[in-house]
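Undergrad: Here you go, sequence then predicted model.
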Amino acid sequence: MTHAAPPPNSCTPQRFPVVVVGAGPAGLTVGNILRAASVDCLVMETETREFVEQRPRAGVIEEWAVRGLEKRGLARNLLDRAELHTACEFRFEGERFRFPFGELTGSHHFVYPQPLLVTDLLREYADVRGGQVRFGVRDVRLHDIDSDRPSVSYTCPETGEQQVVHCDFVAGCDGARGVTRASLPPERIRVARHDYGTGWLALLAEAPPSADCVLFGCHANGFAGQMPRSPEVTRYYLQCPPGDDPENWPHDRVWAELQERLGAMGVPPLTEGRLIEKRVLDMHDYVVEPMVHGRLHLAGDAAHLVAPIAAKGMNLALHDAFLLGDALVAHLNDGDDSGLDGYAQACLRRVWDYQEFSQWLAEVFHGPASGDPFRAGTSIARLRRLFSSPLTAAAFAEKYLGTAARH
Ligand code: RFL
């Protein structure tokens, strides 16, 4: 299956069994699975290698996803360096409530920043498994995806010339703002979308976490969250009006609101630090069905976005990538089509399950600040039930950790 490969970023037109569009967690995992089975593929990425290796985003990875990476030889650094989280804490009505999901289930979360995972995956794919990547590509377009001879064209960053790569399959792993989803004929797909009607100010602070676990503050001023990323850097969220301008949130206002919304009896104030990222997220979810058209298979955020309410997006991207990588290998190397045939359905079961949980949790987070006393009351009732009913706690832990045996 291997053939003489030109150097990375060469602009020679070529043919590959698989073109992967996007070098995020989904695309790089698919690429690694293909290379491990000696299937040639080309990953195309609009950004530079340095940029994708530094883009800050997720941090929480579920245990099954880590085991999936480990099984494919992709978790060495992660297993050495990730922190294990066995609890999260809710703060509401001035009190703190620790939720010890590790004790309840024996399972935990891994905390490993997405840029480190992307760096590991890229190094393994390009430097160890000899996979090809073209960075900085422009004007990526898909052609003839409903034929058995699809192709992908792009503008070469070095020469400005248009290039065409012929292939058997395209993996659309180019995230929420990519082009592959737009190549699906609108009459053949359904896009289900949910808007939360709120924004979240996403912050990264150069400050150590102020608690050893994820904190959720459910407050009448709005939700606030703390997600530890490393001993030096902590992610925070503040609920804000949709479309708010990050400039409305100077340093002092951010920290005053975080202190207020995450404050509780008997806890010391948060450790403050310089804000190194500040952006407003438009909180929404979508799911594209059926995720597949002809020779194009979508994976990750290209197919479904889940707002970062329950830290699920990258986990879903990895789940798709495991299924798609394995299915492409089975088809290309063994002529076994069962994985590709069942791909979308197998992904979507977990996707919809996680979307439902995110929606449930969003109501808990956003209800207290909704201005509607009925929603505020039912949100607090959900929270109290978590700490008074073992059955509710067990069900929550299963969804929070993604440990359900079947979806
Ligand atoms: P990515 O990571 O967006 O990668 C897509 C890649 O495609 C490139 N691209 C193109 N390449 C070629 N041609 C084009 N036309 C292209 N257009 C785009 C992009 O440059 C990029 O490199 O998608 P992927 O692989 O599907 O991975 C999805 C995850 O990145 C995403 O779901 C998570 O970051 C979501 N998320 C979280 N998920 C978790 O599981 N746990 C978390 O703790 C968590 N925290 C978060 C998050 C997302 C956040 N933001 C920014 C919305 C925290 C935040 C703040």
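TA: Sure thing, it's come through. This one's a predicted model, so the numbers in the text were calculated from it and none came from an experiment.

Undergrad: Please give me every residue in contact with whichever residue of the stretch 301-407 of the chain sits closest to the ligand.
TA: Closest to the ligand within the stretch 301-407 of the chain is residue 313: 2.4 Å, counting by C-beta to the nearest ligand atom. For every residue, glycine as well, the C-beta is placed using N, CA and C. Residue 313 sits next to 58, 300, 301, 305, 306 when contact means C-beta atoms under 8 Å, 6 or more residues apart in numbering.

Undergrad: Pull the number of nearby residues for the fourth one.
TA: Other residues within reach of residue 305, judged by other C-beta atoms under 10 Å, total 20.

Undergrad: ditto for the third one
TA: The criterion is other C-beta under 10 Å. On that basis, residue 301 has 25 neighbouring residues.

Undergrad: Check it and give its pLDDT.
TA: Looking at residue 301, its pLDDT is 98.

Undergrad: any idea how far it lies from residue 149?
TA: 28 Å (C-beta to C-beta, to the nearest Å).

Undergrad: and what of the last one?
TA: Computed as C-beta to C-beta, the residue 306 to residue 149 distance reads 34 Å.

Undergrad: residue contacts, the closest residue to the ligand within the stretch 1-150 of the chain?
TA: Nearest residue of the stretch 1-150 of the chain to the ligand (C-beta to the nearest ligand atom) works out as residue 24 at 2.1 Å. When contacts are counted by C-beta under 8 Å, 6+ apart, residue 24 touches 52, 118, 173, 174, 175, 300, 301, 317.

Undergrad: What does the pLDDT read for it?
TA: 98.

Undergrad: What parts of the stretch 51-200 of the chain come near the ligand?
TA: For the stretch 51-200 of the chain, the contact set with the ligand under C-beta under 6 Å from any ligand atom comprises 52, 57-60, 114, 137, 140, 173-175, 177-179.

Undergrad: check contacts around residue 270.
TA: Residue 270 is in contact with 207, 210, 226, 255, 258, 259, 262, counting by C-beta under 8 Å, 6+ apart.

Undergrad: in the stretch 51-200 of the chain, which spans are strands?
TA: 60-62, 83-85, 88-92, 95-99, 109-111, 132-134, 138-143, 151-155, 162-172, 190-206 (DSSP state E, counting those that start in this stretch).

Undergrad: deepest of those, which one?
TA: Counting by mean count of other C-beta atoms under 10 Å, strand 60-62 has the highest mean neighbour count of the strands of the stretch 51-200 of the chain, with a mean of 25.

Undergrad: Indicate each strand paired with that one and its parallel or antiparallel sense.
TA: Using DSSP bridges, strand 60-62 pairs in its sheet with strand 109-111 (antiparallel).

Undergrad: neighbouring contacts of the strand it pairs with?
TA: Residues contacting strand 109-111 (C-beta under 8 Å, 6+ apart): 59-63, 66, 78, 82-85, 227-229, 311, 401.

Undergrad: again, only this time at 10 Å
TA: If you take C-beta atoms under 10 Å, 6 or more residues apart in numbering as the criterion, strand 109-111 is touched by 58-63, 65-66, 69, 75, 78-79, 81-88, 101-102, 117, 209, 213-214, 227-230, 311, 315, 400-402.

Undergrad: coming back round to it: mind picking the two most distant members of the contacts of residue 313?
TA: 58 and 305 (12.8 Å; C-beta to C-beta).
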